[in-house]
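Asks: Generate coordinates for the sequence data below:
(2 chains)
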Amino acid sequence: MARLRWQSDVVDPLAEFDRLREEINDLFDLPRVPNVRGLFDRPVSPAIDVTEDGEQYAVICDVPGLAREDIELSLAQGVLTIKGEKKAPKRAGGARLYREETWQGKFQRTVALPSDVDPTKVTADLRDGVLTVALPKREEAKPKQIAIQAN
Amino acid sequence: MSDRQTAMKETRRQVRPLSSMAEESGQILLRLEMPGVAKDGIELTVEGNELRIRGRRAAVAPATRYVLRERMDGDFYEVYTLDETVDRNRIEAAMDSGVLSVTLHLREAEKPRKIQITSR
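Replies: From the prediction side, this is the model:
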């Protein structure tokens, strides 16, 4: 972050060190992004996208072949957990399997969202094997236009 | 037009769906995972020796701001080469929750025909 500085003919070495220290501090000031790796997440799990706009966050998860009762969705302290089981397709006993690229079994993904999510307004929709969770931001967190008063 | 040329005409990215293939009781069962594709987004055609499967779904809005992106945008496309044991007139397909199940029926192999040798 650049600071407004007075121009000076004399180079002040101490000021330069101060500036360097500030810039290094800023470098480690990471932006507020959701933490998307939970402790109990399974290694094989569905792909998710997390998007953001002024009004809400959206978490989109690919869950082909799953029905509503196969998925458990919960939100606690700003952490969204998507849990469930993707069952193996039914096959006859004497079936010969030539190729299997799909995965099956229990899965869990967690997404830690910034605290500006309003938990009472969260909605979820499951359609064509895609789960979309809409998490509206709290009113205070939405970007607002600041009117400039003319004097 | 070759298959590759046909696929290249598409301006949207083409993605291979995850699939499984099994054989049981004279049938081949294909399962293709195409999340986000509705039943009317599926195009199944047999041309010559090829079974072409295309699954169309809505594109992502270009202005979308991603915080995390793992899913691929694009339509699904897969081609299978059929041999003469597949009965082209009996291909069944069903779409449910983003999974396309295709059943191919196999003809019984022709029994070997004996040829008589006439002697002189």
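
Asks: Dead centre of chain B: give me the residue that sits there.
Replies: Residue closest to the average C-alpha location in chain B (C-alpha atoms, centre = their mean): residue B:53, at 3.9 Å.

Asks: Beta-bridge partners for that one, please?
Replies: residue B:44, residue B:78 (DSSP bridges).

Asks: Contacts only, for the residue of chain A found nearest chain B.
Replies: Closest residue of chain A to chain B, C-beta to the nearest C-beta: residue A:129 (2.3 Å). All C-beta atoms are positioned from the backbone trio N, CA, C, and that covers glycine. Contact criterion C-beta atoms under 8 Å, 6 or more residues apart in numbering or on different chains gives A:62-66, B:33-37, B:97-99 as the residues in contact with residue A:129.

Asks: Excluding chain neighbours, what is closest to it?
Replies: Residue nearest to residue A:129 in three dimensions, not counting chain neighbours: residue B:98, with 2.3 Å by C-beta to C-beta, 6 or more residues apart in numbering or on different chains.

Asks: wait, that neighbour sits on residue B:36?
Replies: Yes: between residue B:98 and residue B:36 there is a contact under C-beta atoms under 8 Å: 6.4 Å.

Asks: As a check, name the ranges of all strands in chain A.
Replies: Ranges of strands in chain A, per DSSP state E, are A:48-52, A:56-62, A:71-76, A:79-86, A:96-100, A:105-112, A:123-127, A:130-136.

Asks: Tell me who's in contact with residue B:103.
Replies: B:27-30, B:91-93.

Asks: again, only using 10 Å
Replies: B:27-30, B:90-94 (C-beta atoms under 10 Å, 6 or more residues apart in numbering or on different chains).
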